[in-house]
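Peer 1: predicted model, plus sequence, below.
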Amino acid sequence: MDEVRTRIAPSPTGAPHIGTAYIALHNYAFAKSRGGKFLLRIEDTDRARSTLESEAQILRALRWMGLQWDEGPDVGGPHGPYRQSERTELYRARTQQLLKSGHAYRCFCTREQLDELRALQTARGEPPGYDGRCRKLATAEADGRASRGEEFVVRLKMPRAGEAYKEVWGEDVDNEDTTLTPGISGFFDGIRKEKVAFENRGVDDQVLLKADGFPTYHLANVVDDHEMRITHVMRGEEWISSTPKHIRLYQAFGWTPPRFMHLPLLRNSDKSKISKRKNPTSLSWFQARGYCRPATVNFLALMGYSRADGRELFDLGELVAGYDAARLSTTAPIFDFAKLDRFNTHYLVHMDRVAFGAYQEDALHALLDYLGPLLPLVQERSRMRTDLDRWTSFLFEREPRYVEPAFRAVGLDAELADKALKLVAKELERAPVIPAQTCREILDRVAEKLLFPANSLYMLVRVAVMFEQESLPLFEVLEFLGPDLVGRRLKEAAAFLRQRAPAGKKE
RNA sequence: GGCCCCAUCGUCUAGUGGUUAGGACAACAGGUUUUCAUCCUGUCAACAGGAGUUCGAUUCUCCUUGGGGUCACCA
């Protein structure tokens, strides 16, 4: 049998995500348990959001997990480059190939036209989706418009409703039925152990090549997985609904698709897909908070997976040794900090002295690294080394520890404070990023509008975010936390005040 | 809303037609520890609902309900 090859393909658009680590862990364990290769590929085709800094952080975080890739941007390999931004020529050539074979076409629709179309469809209660109007364009006309410099994207021709075509179910498993079914496409999911079928009419013509010449995820991912000889794609179940497009692409190229396995998504405690708005998701945060490697790996390995022998405590090597993809579950697990904390306690208490020393050192480095721009502000108010914790502990508090006196000191009655917090939250929501200076302007504006003394509003927000009157400079901290976390704290504070407001005032 | 995925204690899960439905975390109650933590013992706690298949359904089928994902020139 062919060598098993899996990959993790993070997009370097932010902090290393806990979900990436989770998916990576399974890909690694699966490949290694079968004596195969595990690769790392950087999917940086989003020019606007990808950064080298994020890429470096992600690699560092995955290495911290103990994962080692056989091929990747930093270690090289026979199928490189492993950074998609360095493979653009390849995608362009592949796009030409599809254009020539008639599997793809140029689309000259502007964003405005597409927005209009979507608005119209929504208004009419139709499902939104590209209507394929440029599909009818004659090749000669399209070539002409393109050579005249008109901007265009390239779209994949999906089979139309009822149109008969050769169905592809992905790798044939256990003699799965592969008969032709006109109008239906689908794939075999290795975790659900079932065919997942879609009607063609619900799948529109996906963009493959953007106007900037960069490929979309769909194209790059298919081309690279094929070029890099990936045999098994283990990814989040958020990808299930676009898999028919991917299958269609493999088919258009005449390639055999890899085996797909869609892992259940990690969830917030309200069961929504895990997000930084509701949960810490940055691996850097976990390290800085002091979660040790074995606990993190062990706990993550228990999400959606269990061992046949029922053991819950095991290390990465043991996970790999006995890994069985058939034991992956289909239900999405809620990320439970209480259990993670328990695991951390267990590993910390039981590790030997040398390891404990190394852990402390590692965690301190991670903390200092995580603090970054906040560190000088801590230094300004440092009398002792341990003051570090005093000023930064609020960052690692998962639940706010509000106390009434701190709010009372603000000098505003609860009702007004509640109103102010909500207004600030709303204003902040409009800004995708909030530099310190902008924060100040926003707060000043709100204060003026509500006829509040600016200082009172500052203190109110300060306590809402950092719990205490004595704390780091407000605006820098707001910038550091970002709109998601700040918004969350403001709402939590408002809820706290509402709950504490004198009952029976009116109603 | 269309399409798709999912459904066992509060949480993570075992279970693949016959079990007192098992374990772990949390919670609670004890014990060990001069105290605290660790550690140990115990208690509470679940098959979403309804049909069907079957001698027998947590397990198989269908429906309902609930939850989630996805419908971008982001991945």
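Peer 2: That came through fine. Computed from a prediction, not measured in an experiment: that's the story for all the values here.
Peer 1: neighbours around whatever residue of the stretch 351-500 of chain A ends up closest to RNA strand B, how many?
Peer 2: Residue nearest to RNA strand B within the stretch 351-500 of chain A: residue A:351 (11.4 Å; CB to the nearest atom of the strand). Every C-beta, even on glycine, is put in place using the N, C-alpha and C of the backbone. Neighbours of residue A:351 under the rule other CB atoms under 10 Å: 16.
Peer 1: check residue A:320 too.
Peer 2: Quick note: residue A:320 (other CB under 10 Å) scores 18 neighbours.
Peer 1: of all the residues in the helix or strand bottoming out on mean pLDDT in chain A, which ones are buried?
Peer 2: Every helix and strand in chain A was compared by mean pLDDT, DSSP states H and E; the lowest is helix A:404-408, with a mean of 83. Buried residues in helix A:404-408, counted by 16 or more other CB atoms under 10 Å: A:406, A:407.
Peer 1: just stretch A:212-228 next, same as before
Peer 2: For stretch A:212-228, a neighbour-count test (16+ other CB under 10 Å) marks A:214-226, A:228 as buried.
Peer 1: these also near RNA strand B: which ones?
Peer 2: A:214, A:215, A:216, A:217, A:221 (CB under 7 Å from any atom of the strand).
Peer 1: circling back: which residues are contacting the least confident helix or strand of chain A?
Peer 2: For helix A:404-408, contacts defined as CB atoms under 8 Å, 6 or more residues apart in numbering pick out A:414, A:417, A:460, A:463, A:467, A:468, A:469, A:493, A:496, A:497, A:500.
Peer 1: list the contacts of residue A:302.
Peer 2: Counting by CB under 8 Å, 6+ apart, residue A:302 touches residue A:312.
Peer 1: can you tell me how far it is from residue A:273?
Peer 2: Relative to residue A:273, residue A:302 is positioned 19 Å away (CB to CB, to the nearest Å).
Peer 1: returning to that earlier point: pipe the buried residues of stretch A:212-228 into JSON lines and attach pLDDT and secondary structure per row.
Peer 2: Output for these, formatted as JSON lines (pLDDT from 0 to 100; DSSP: H, G, I helix; E, B strand; the rest coil):
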{"residue": "A:214", "pLDDT": "96", "secondary structure": "coil"}
{"residue": "A:215", "pLDDT": "97", "secondary structure": "strand"}
{"residue": "A:216", "pLDDT": "97", "secondary structure": "coil"}
{"residue": "A:217", "pLDDT": "97", "secondary structure": "helix"}
{"residue": "A:218", "pLDDT": "97", "secondary structure": "helix"}
{"residue": "A:219", "pLDDT": "98", "secondary structure": "helix"}
{"residue": "A:220", "pLDDT": "97", "secondary structure": "helix"}
{"residue": "A:221", "pLDDT": "97", "secondary structure": "helix"}
{"residue": "A:222", "pLDDT": "98", "secondary structure": "helix"}
{"residue": "A:223", "pLDDT": "98", "secondary structure": "helix"}
{"residue": "A:224", "pLDDT": "98", "secondary structure": "helix"}
{"residue": "A:225", "pLDDT": "98", "secondary structure": "helix"}
{"residue": "A:226", "pLDDT": "97", "secondary structure": "helix"}
{"residue": "A:228", "pLDDT": "98", "secondary structure": "coil"}
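Peer 1: scan chain A for its longest helix.
Peer 2: Secondary structure of chain A per DSSP state H: the longest helix is helix A:474-500.
Peer 1: could you list the buried residues of that helix?
Peer 2: Buried, per 16+ other CB under 10 Å, within helix A:474-500: A:474-483, A:485-490, A:492-494, A:496-497.
Peer 1: put the alpha carbons of the helix or strand hosting residue A:341 into PDB.
Peer 2: Applying DSSP states H and E as the criterion places residue A:341 in helix A:337-350. The C-alpha coordinates for helix A:337-350 follow below in PDB (Å, rounded to 0.1, in the frame of the first residue of the first chain):
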ATOM      1  CA  PHE A 337     -11.400  24.200  31.000                       C
ATOM      2  CA  ALA A 338     -12.200  22.400  34.200                       C
ATOM      3  CA  LYS A 339     -10.900  19.200  32.900                       C
ATOM      4  CA  LEU A 340      -7.900  20.800  31.200                       C
ATOM      5  CA  ASP A 341      -7.100  22.400  34.500                       C
ATOM      6  CA  ARG A 342      -7.300  19.100  36.200                       C
ATOM      7  CA  PHE A 343      -5.000  17.500  33.700                       C
ATOM      8  CA  ASN A 344      -2.600  20.300  34.100                       C
ATOM      9  CA  THR A 345      -2.500  19.800  37.900                       C
ATOM     10  CA  HIS A 346      -1.900  16.200  37.400                       C
ATOM     11  CA  TYR A 347       1.000  16.600  35.100                       C
ATOM     12  CA  LEU A 348       2.600  19.400  37.100                       C
ATOM     13  CA  VAL A 349       2.400  17.600  40.400                       C
ATOM     14  CA  HIS A 350       3.700  14.400  39.100                       C
END
